[in-house]
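Q: what's the 3D shape of this:
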Amino acid sequence: MVPELVGAIVALVCVALVYTGMAARVVKQYERGVLFRLGRVADEVRPPGFTLIIPFVDRLAKVNMQIVTLPIPAQEGITRDNVTVRVDAVVYFRVVDATSALIKVEDYKFAVSQMAQTSLRSIIGKSDLDDLLSNREKLNQGLELMIDSPAVGWGIQVDRVEIKDVSLPDTMKRSMARQAEADRERRARIINADAELQASKKLAEAAQQMSGTPAALQLRLLQTVMAVSAEKNSTLVLPIPVELLHFLERGNRETAPDGEASGSAPRREQGPREITPNGDGTTSHDLGGATHQDLGRTPDRKLDGTLGPE
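A: A predicted model of the protein is given here:
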């Protein structure tokens, strides 16, 4: 009798252990358990920790409540200004209602992925190329609203959508590079022109101030010579301003003697024609003070000092 009782107790213990092993479930901290009893959803969601279900009657489905990072494959489309681009993005979402995520959509991850791809294509068609390259924050907000609107009914909340990369054709990249280069050259020319304008104003003021004191031009010239000579150059090319020449000419006119024109040689007075005998039997004629050697026929000189034929 006793052995049979002991065997029955051992059998009951074994059955209890097997039942407990089949009914025991552990829900992790980042999960929630949705209980299906005979195909129907129980009212309450099982919290994290140890829980029991009825074997062969209940089924516990665990739903991950963490934020899911879902990459969106690159989508090729044509922008509003007729430029072909390839855009890829990433979606960050999480489940806020485990029951709705299991009941209202078959596979919520696949559904969010397809919705994100469709929304991304729609955004590409409605945007310009400049918006895709420079105004991404606004496009990210538009994508988030487009994906979050249907996902709310699935018990899913979209936290953030980010456009990762925008791929352009090679021809468009070269065109944009030329445009950027032309824009930089335009700005450089504007800056140089502005600098020339400011410099011309200062030079005009300096010239106006120097016009009252012509000696300042000479001092400025000497300063230029000193600056160039400090570099130990063997050749010095020095431009002389026209104003300096006018100043020197005016100085010469002021220092010239009275009765003589500045810059012209004094005029010789013509005197009587004189004939001077030379030692070689020829004569020299003085025309108005200028002595010239007689050329051609030379008249003979008589013994008495007069001219005449031989």
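Q: how about stretch 219-234: buried residues?
A: For stretch 219-234, the neighbour count (16 or more other C-beta atoms under 10 Å) marks no residue as buried. The C-beta positions use only the backbone N, C-alpha and C, and glycine is treated the same way.
Q: as a whole number, average confidence for that stretch?
A: Here stretch 219-234 scores 74 as its mean pLDDT.
Q: chain center to that stretch: distance?
A: Centre-to-centre, stretch 219-234 and its host chain are 40 Å apart (C-alpha atoms, centre = their mean, to the nearest Å).
Q: do the same with stretch 171-182
A: That offset, for stretch 171-182, works out to 12 Å (C-alpha atoms, centre = their mean).
Q: residue ranges in the stretch 201-310 of the chain under the pLDDT threshold?
A: 232-234, 236-241, 244, 255-310 (pLDDT under 70).
Q: how about the strands in this structure?
A: For the chain, applying DSSP state E gives strands covering 24-27, 31-37, 40-41, 49-52, 58-64, 68-78, 84-95, 156-167, 274-277, 283-287, 290-293.
Q: quick one: buried residues of the first one?
A: Buried residues in strand 24-27, counting neighbours by 16+ other C-beta under 10 Å, are found at R25, V27.
Q: note down every partner strand of that strand and its orientation.
A: strand 49-52 (antiparallel) (DSSP bridges).
Q: who touches the strand it pairs with?
A: With contacts defined as C-beta atoms under 8 Å, 6 or more residues apart in numbering, strand 49-52 is touched by T20, A23, A24, R25, V26, V27, G33, L60.
Q: widest-spaced pair of those residues?
A: T20 and G33 (17.4 Å; C-beta to C-beta).
Q: the two: which is more packed in?
A: G33 (22 against 11; other C-beta atoms under 10 Å).
Q: my read: the more buried one touches K62, true?
A: Yes. Under the criterion of C-beta atoms under 8 Å, G33 makes contact with K62 at 5.5 Å.
Q: now do the shared contacts for the two.
A: By C-beta under 8 Å, 6+ apart, the residues touching both G33 and K62 are V27.
Q: what about R178, neighbour count?
A: Neighbours around R178, by other C-beta under 10 Å: 10.
Q: what's the separation between V166 and L145?
A: 20 Å (C-beta to C-beta, to the nearest Å).
Q: and the two? which has more neighbours close in?
A: Between V166 and L145, V166 has the larger neighbour count (other C-beta under 10 Å), namely 17 against 12.
Q: between the contacts of strand 49-52, which is nearest I54?
A: A23 (6.6 Å).
Q: which residues touch the closest one?
A: A23 neighbours (C-beta under 8 Å, 6+ apart): L52, I53, I54, P55.
Q: what's near enough to touch E243?
A: Per C-beta under 8 Å, 6+ apart, neighbours of E243: S211, P214, L217.
Q: would TSV of the residues you listed with neighbour count and distance to A42 be doable?
A: What follows is those, written out as TSV (neighbours: other C-beta atoms under 10 Å; distance: C-beta to C-beta, whole Å):
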residue	neighbour count	distance to A42
S211	11	103
P214	15	108
L217	18	104
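Q: could I get those as JSON lines with distance to A74?
A: JSON lines is the format used below for the contacts of E243 (distance: C-beta to C-beta, whole Å):
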{"residue": "S211", "distance to A74": "71"}
{"residue": "P214", "distance to A74": "76"}
{"residue": "L217", "distance to A74": "71"}
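Q: thank you kindly, that will do.
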